[in-house]
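> Need coordinates for the below:
(one chain, ligands or ions: 1)
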Amino acid sequence: MLELIAQYQVEIAQFQSVKADEIEQFRIKYLGTKGLLKTLFEDFKNVPNDQKKEVGQKLNELKNEATEKVKTLQEALESQKSEQGLFGDLTRPGYPIEIGSRHPISIVKNKIVEIFNRIGYVVSEGPEIEDDWHNFTALNLPEYHPARDMQDTFFIEKSTDVAKDMLLRTHTSSVQVRYMDTHRPPIRTISPGRVYRNEDISARSHCLFHQVEGLYIDQNVSFADLKQTLIYFTTEMFGKSKIRMRPSYFPFTEPSAEVDIYWGLETETDYRITKGTGWLEIMGCGMVDPNVLKNANIDPEIFSGFAFGMGIERIAMLLYQIPDIRMFYENDVNFLKQFKSVI
Ligand code: DAH
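As a prediction, the model looks like this:
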């Protein structure tokens, strides 16, 4: 029996496997209820008494060794499994990485900024919570001016003294004023940002939206410069250079105009979005009113300039045929995903 024990000991020591079924077979072979060790223990009663001590010890050794072996092999198997759980099959083909997409408002904003950067405009920004001076009064919209009604305002603080009023800016024209506080002509700046108006929310209008404001001030700036700048812009932005300027009114510019671009009437959509006219309004503009320059301590006898302002949502809706302005703010991934290919 001692020989047999020694033989099993060698076999057990030599056995190696990382496969669950092989390890299980090994366990059954030696330690199972009908296993080899079971047989040895049964035969133990036939061992002569004087050898019982030695054989007994060996037999126990053998049992411990077999149990230990099965335990180590099972542990090795488990740790291999958990490694696989962590890294998976390292030879498998990779998953395509889902890349995010820019928000259409950011895409359009960046494009506008980039077009004006190319002709020397620098970006400027201002606070969304504004005081009365920067949003209204300095822009030639003094207290009781009826044009204040053009922009329904969210007030944060409203007092009898307008100078103390605080509000959510109704347009990015306020950044013009801030920029002129800290810069002297020549000025070429473009100010993108979020604005707020107390308007009913519908497919066409929202209580928050985005604008880009432009301001150019230097000596001898003329309306022709404004027109040429806008033709450059519409060509770069829409690939369309035919524009018209309709007389309009803004308190901060004189003369003022609204700019339409000729969109064309080639498709059914063109008919729909231009209401059958082929023309689309895209922005307001004009020559900076001398009062606005005076409020910023810039001498209107020496300097003149132009300004313009446009809504980013409106342009994005045109470019991407988006039918409802509310889609910009709903964060619907299926909507946003569609702008992946546009940088
Ligand atoms: N601030 C105007 C608005 O929100 C847009 C605008 C019109 C800006 C004419 C200008 C401008 O600078 O000259 O409706």
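> Only C-alpha atoms from now on, for both contacts and neighbour counts.
Fine.
> I'd like to know which elements the lengthiest helix in the chain is packed against.
In the chain, assigned by DSSP state H, the helix with the most residues is helix 49-87. Packing partners of helix 49-87 (3 or more CA pairs under 8 Å, 6 or more residues apart in numbering; DSSP states H and E): helix 2-14, helix 20-31, helix 36-43.
> closest to residue 222 out of those?
With distances scored as CA to CA, the stretch of these nearest to residue 222 is helix 20-31 (86.0 Å).
> quick one: the closest one to helix 49-87, angle?
Using axes from the mean of the first three to the mean of the last three CA atoms, to 10 degrees, the inter-axis angle of helix 20-31 relative to helix 49-87 is 170 degrees.
> tell me what helix 20-31 is packed against?
Packing partners of helix 20-31 (3+ CA pairs under 8 Å, 6+ apart): helix 36-43, helix 49-87.
> 6 Å instead, please
For helix 20-31, there is no helix or strand it packs on, judged by 3 or more CA pairs under 6 Å, 6 or more residues apart in numbering; DSSP states H and E.
> now that helix, how far from the centre of its chain.
The chain centroid and the centroid of helix 20-31 are separated by 56 Å, computed with CA atoms, centre = their mean, to the nearest Å.
> Likewise for stretch 99-107?
In this view, stretch 99-107 has its centroid 6 Å away from the chain centroid, taken as CA atoms, centre = their mean.
> could I have that stretch exported to PDB, CA atoms only?
Presented in PDB, the C-alpha positions along stretch 99-107 are these (Å, rounded to 0.1, in the frame of the first residue of the first chain):
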ATOM      1  CA  ILE A  99     -18.000  60.200 -30.000                       C
ATOM      2  CA  GLY A 100     -20.100  63.100 -28.800                       C
ATOM      3  CA  SER A 101     -21.300  65.900 -30.900                       C
ATOM      4  CA  ARG A 102     -21.400  69.700 -30.600                       C
ATOM      5  CA  HIS A 103     -24.700  71.400 -29.900                       C
ATOM      6  CA  PRO A 104     -26.000  73.000 -33.100                       C
ATOM      7  CA  ILE A 105     -26.100  76.300 -31.300                       C
ATOM      8  CA  SER A 106     -22.300  76.000 -30.600                       C
ATOM      9  CA  ILE A 107     -21.600  74.900 -34.200                       C
END
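> Give me the buried stretch members for it, please.
Buried positions in stretch 99-107, judged by neighbour count with 16 or more other CA atoms under 10 Å: 101, 102, 103, 104, 105, 107.
> likewise stretch 48-68?
Neighbour-count burial for stretch 48-68 flags 55, 58, 59, 62, 63, 65, 66 (criterion: 16+ other CA under 10 Å).
> Can you give me the pLDDT of the residue of the stretch 1-150 of the chain found nearest the ligand?
Closest residue of the stretch 1-150 of the chain to the ligand, CA to the nearest ligand atom: residue 150 (8.1 Å). According to the per-residue confidence, residue 150 scores 78 in pLDDT.
> That one and residue 197, how far apart?
According to CA to CA, to the nearest Å, residue 150 and residue 197 sit 10 Å apart.
> Which one's more surrounded, these two?
More crowded of residue 150 and residue 197, by other CA atoms under 10 Å: residue 197, with 20 against 10.
> do you know how far the residue nearest to that one when sequence neighbours are not counted is from residue 324?
Excluding the flanking residues, the one nearest residue 197 by CA to CA, 6 or more residues apart in numbering is residue 207, at 4.9 Å. Residue 207 is 14 Å from residue 324, where distance means CA to CA.
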